[in-house]
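build me a model from this:
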Amino acid sequence: MANPAVSVTPYWELTFDADGDPDAGKRDRLLAGVAQHHVRDLIVFAHGWNNDRSGATRLYDRFFAPIPQLAPAAKIGYVGVVWPSMRFSDEPIPDFPRAVAAEMPRRPALDKDTRHALLETFPGRATVIDQIARMLDQQPREEGELEEFGRLVRMLVDIVPPGPQVLFAADTLAEGVPQNSPDMFSGSTAAVCEEFAQALTHLEAPDGAPDGAASFSLPNPWEGAHELLRQATYYAMKRRAGTVGERGLGRLVGQLAARAPEVRVHLVGHSFGARLVSFALRGLPKGVHTVKSVTLLQGAFSHYAFASRLPHDTRAGGVLEGQHNRIDGPLVCCYSRHDSALSTMYPLASRMAGDAEGVAALDIGRMLGAKWGAMGHDGVQAVPGTRSLKLADALKATLPTSGCVNIDAAAVVRRGGPPAGAHSDILHRELAQVVLTAGRIE
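As a prediction, the model looks like this:
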């Protein structure tokens, strides 16, 4: 339980593999420890894209730090979930030391830290990763080489993986069939790379510059190829998040409920970690009512995931339809318009094969409200009764005791450079206070 890198106590770490199987020793220490420490409220936080355990630990330490002062009388326990995810090292994170890789030449070269992370995240794919790195370094001019690059990327992330992960890629269902075949894997690689390159040019334009004013030359398609690799990798992380949530964390919360039914559980997730804790609701055993709140921070999954019907397709619904009703309390979704990863790149990467709507002329404004939007950009959508608040108002209000609540957190979630923008700008006292308010922790 003791962890010198985390200042709050009692703190436990839970570790899961890519298929949702837990580290049994860490699981057992948590199950035994909550009773020993007389924990009443247990806050469980799942990270999003992240390179290693030490990065996750730093995130949890910084986020949890203000909570004892905000709720001094509460008997709180803390859990940090560690699962096999990765981050590209060229993405700066606010409030964290800038990685050495971030000081290296800009895209499309594959820096050594990201290459190492790919090797760790996709074991057994060293030859493929070497070929991908060589192509990004050489940038061959033939269009056929971009198509070969796309083939290698598909091979790396294993579009149809063995084992249980294949069941957890979709956020929406059409007449019961999962919608999980992004156009970036089935369409022309050259066209996809061009779109990603245009999007990067738009995001890197000086503030206030008109669209297209960032550069007088055509974007480099190999910068788009680098972004294709990034987004394909994140697709695999998104799939893993659902697997770990339902098969791992959901079951464990059920085990905890059997051992310590009086403990009130509060799930918190950032980015793909928000998807993880949401899928944990689907993995709860029948009759478990110990989850008292769920807080999603810049959730990197469809804003329609909890909907019963999609506005643009009445035959389709969210893969988590009705799961927010498993919470004995609210589902709170914090979002920010400053999150470029979710406002721009996520819709491009998530658009399904066969979608007739392109992004000609990079109509970013239209994309913001598009059908492929993310929770962390504009909140929960198409769920009747969802309440919407600004962050300052949410901190003064008594939040609903059930249903979905959208909180516009753009007042604090606003820092970060391209391509992710403010996606990881979550280390704020106000957001920790949201978790306490959502869970009625005093």
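
next one: the top helix by length along the chain to chain centre, how far?
Under DSSP state H, the helix in the chain containing the largest number of residues is helix 221-243. On the basis of CA atoms, centre = their mean, to the nearest Å, helix 221-243 sits 12 Å off its chain's mean C-alpha point.

I'd like the next helix or strand past it.
Once helix 221-243 ends, the next helix or strand along the chain (criterion: DSSP states H and E) is helix 250-259.

show me what the longest helix of the chain is packed against.
Contact partners of helix 221-243 among helices and strands, from 3 or more CB pairs under 8 Å, 6 or more residues apart in numbering; DSSP states H and E: helix 112-121, helix 126-138, helix 143-157, helix 183-186, helix 189-203, helix 272-282, helix 346-350. To be clear about C-beta, it is placed using only N, CA and C from the backbone, and glycine gets the same treatment.

change it to 6 Å
Using 3 or more CB pairs under 6 Å, 6 or more residues apart in numbering; DSSP states H and E as the contact criterion, the neighbours of helix 221-243 among helices and strands are helix 143-157, helix 189-203, helix 272-282.

CA-only coordinates of the second one in PDB, if you can.
This points to helix 189-203. These are the backbone C-alpha positions of helix 189-203, laid out as PDB (Å, rounded to 0.1, in the frame of the first residue of the first chain):
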ATOM      1  CA  THR A 189      -3.700   5.800 -47.000                       C
ATOM      2  CA  ALA A 190      -2.500   8.700 -49.100                       C
ATOM      3  CA  ALA A 191      -5.800  10.500 -48.800                       C
ATOM      4  CA  VAL A 192      -5.900   9.900 -45.000                       C
ATOM      5  CA  CYS A 193      -2.300  11.200 -44.600                       C
ATOM      6  CA  GLU A 194      -3.200  14.300 -46.600                       C
ATOM      7  CA  GLU A 195      -6.200  15.000 -44.300                       C
ATOM      8  CA  PHE A 196      -4.100  14.600 -41.200                       C
ATOM      9  CA  ALA A 197      -1.300  16.800 -42.600                       C
ATOM     10  CA  GLN A 198      -3.900  19.500 -43.300                       C
ATOM     11  CA  ALA A 199      -5.300  19.200 -39.800                       C
ATOM     12  CA  LEU A 200      -1.800  19.600 -38.300                       C
ATOM     13  CA  THR A 201      -1.200  22.700 -40.400                       C
ATOM     14  CA  HIS A 202      -4.400  24.200 -39.200                       C
ATOM     15  CA  LEU A 203      -3.600  23.400 -35.500                       C
END
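
tell me which other helices or strands it touches.
Checking 3+ CB pairs under 6 Å, 6+ apart, helix 189-203 ends up next to helix 143-157, helix 221-243.

deepest in the core, which of the ones you listed is it.
Ranked by mean neighbour count, the helices and strands packed on helix 189-203 are led by helix 221-243 with a mean of 25 (mean count of other CB atoms under 10 Å).

what mean pLDDT does that one get?
Taken as a whole, helix 221-243 has an average pLDDT of 92.

quick one, which of the helices and strands packed on helix 189-203 is nearest to residue 128?
Shortest distance between residue 128 and the helices and strands packed on helix 189-203, using CB to CB, is found for helix 143-157: 5.1 Å.

mind checking what helix or strand follows the closest one in sequence?
Using DSSP H and E, the helix or strand that follows helix 143-157 in sequence is strand 172-174.

show me which positions of that following strand end up buried.
If you call a residue buried by 16 or more other CB atoms under 10 Å, then strand 172-174 has these buried ones: 172, 173.

likewise for stretch 245-262?
If you call a residue buried by 16+ other CB under 10 Å, then stretch 245-262 has these buried ones: 245-257, 260.

how long is that stretch end to end?
Taking CA to CA, to the nearest Å, stretch 245-262 runs 22 Å from one end to the other.
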